[in-house]
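*Asks:* Below: sequence and its predicted model.
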Amino acid sequence: MRLDGVGRRYGLRGPWVVRGVDLDLPERTLVRIEGANGSGKSTLLRLCAGIDRPTTGRIRGRPRTAYVPERFPPALPFTALGYLTHLGRVHGLRGPAADRAAGVWLERFGAAGHAGTPLSELSKGTSQKVAVAQALLAAPELLVLDEAWTGLDAAARAELDRAVAERVADGGTVLFVDHDPRRLAGAADACHRVVDGRLCPAPPPDPAAHTPAAGPRVTVRAAPPGSGAELPEELPGRPVTEREPDGTARLTVPAAYSDALLRALLTARPPWHIHTVTAPVAQRPPDGPAGGDAMPGTGEPDDGAMARGAGPATADHSAPAGPASPAATGPAPAGPASPAVTDPALAEGDHR
């Protein structure tokens, strides 16, 4: 997808919120947007997601898109499982497949115990888990995350990190804003800053500049499929790679990218052989306790955090994680409006 000279203002004579934005969002990329409060970050994300139309400029090549807003509207007459199942059917999953996919994502985010709870009765943290699961259920080509980690407990934040890595490894594009500069540290392919409504290039992320405080890391030892075989290009997480005398590769990545890295190695043609996976030592996250985090600024415990460890799960070497969701696009059938999935035709064409 590409934005050419895109601008947005509200009202005929309102001030420009963003203006003159040129941005490329190619496949298989992770893009971070930074900026001060009120600089226009959220408006830019809404334009990319198709929630808002540009006042001027053009958006080309809109893919299937899912959007997770900072605040999820809970006033919908569904349980958590019912809502996700409904959206799964909207996006092309048959009945049993929609049920299974909804259950898988609730389990991954630690909210399976609240599958039957009405959305209006969920805590803010669990509501946010449903919002994130809703977007990932459709396996979007473009995933737009506006402070999507806010309100999640430590385990769910780590799970969202992993889900982002999986989306990128599977060929998707992820565009995100987060207040924590350590979020997905060293993994972004591009970084941009919004300053007074203008998009400016930011210094490229430098994985070597991030200390262990940025998060735990995992080391994978893998043997090549044959003598002199080269590693696949563009491995998830931009691993730091060392080759041993016998040709074995040692690859070190942020823990959130370990599953995606293993998947890439195991599905290479021909596949690499995994020798060992050295898991990180569980660490207390710098921005909250490992289990049962309180929501920022509220002191409210997340009713989805139940004595789970904060460290990332070990990879399953036999199959990729997560449900396969062949999502459909276009206008949604009658039913509740989804803040996560948007119409790919909404912002196509010239809006001068």
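*Replies:* Sure thing, it's come through.
*Asks:* Break the chain down into its domains, please.
*Replies:* Listed domain ranges for the chain are 2-207, 217-278 (source: automatic domain parsing).
*Asks:* deepest of the ones you listed, which one?
*Replies:* Most buried of the domains of the chain by mean neighbour count (mean count of other Cβ atoms under 10 Å) is domain 2-207; its value is a mean of 20. Heads up, the C-betas are built off the backbone N, CA and C, glycines and all.
*Asks:* Show the average pLDDT along that one.
*Replies:* Domain 2-207 shows a mean pLDDT of 90.
*Asks:* and residue 98, backbone torsions?
*Replies:* Backbone geometry at residue 98, expressed as degrees, to the nearest 10, gives phi -70, psi -40.
*Asks:* From residue 81, how far off is it?
*Replies:* 10 Å (Cβ to Cβ, to the nearest Å).
*Asks:* anything in contact with each of those two?
*Replies:* By Cβ atoms under 8 Å, 6 or more residues apart in numbering, residue 98 and residue 81 have no common neighbours.
*Asks:* Kindly confirm my reading that residue 165 is in a helix.
*Replies:* Yes. The assignment for residue 165 is a helix, going by DSSP: H, G, I helix; E, B strand; the rest coil.
*Asks:* Now that it has come up, it's in contact with residue 237, right?
*Replies:* Yes. Using Cβ atoms under 8 Å, residue 165 is in contact with residue 237, at 6.5 Å.
*Asks:* Common neighbours of the two, please.
*Replies:* Counting by Cβ under 8 Å, 6+ apart, the contacts common to residue 165 and residue 237 are 187, 256-257, 260.
*Asks:* out of these, who's nearest residue 50?
*Replies:* Proximity to residue 50 was ranked across the shared contacts of residue 165 and residue 237 by Cβ to Cβ; first place goes to residue 187, at 25.2 Å.
*Asks:* Quick check: residue 2 touching residue 59?
*Replies:* Yes. The pair residue 2 / residue 59 is scored as a contact, 7.4 Å apart, by Cβ under 8 Å.
*Asks:* need the contact list for the spatially most central residue of the chain.
*Replies:* By Cα atoms, centre = their mean, the chain has its centre lying nearest to residue 164, at 3.5 Å. The contact partners of residue 164, by Cβ under 8 Å, 6+ apart, come to 30, 143, 145, 174, 176, 184, 256.
*Asks:* tell me how far stretch 143-159 is from the chain's mean position?
*Replies:* Chain-centre distance of stretch 143-159: 8 Å, with Cα atoms, centre = their mean, to the nearest Å.
*Asks:* what do you get for stretch 109-119?
*Replies:* Worked out by Cα atoms, centre = their mean, stretch 109-119 lies 20 Å from the chain centre.
*Asks:* Residue numbering should commence at 569 henceforth.
*Replies:* From this message on, residue numbering opens at 569, which makes the last subject stretch 677-687.
*Asks:* Now do residue 678 against residue 624, distance only.
*Replies:* According to Cβ to Cβ, residue 678 and residue 624 sit 43 Å apart.
*Asks:* Revised request: answer the last question for residue 631.
*Replies:* Distance from residue 631 to residue 624, counting by Cβ to Cβ: 22 Å.
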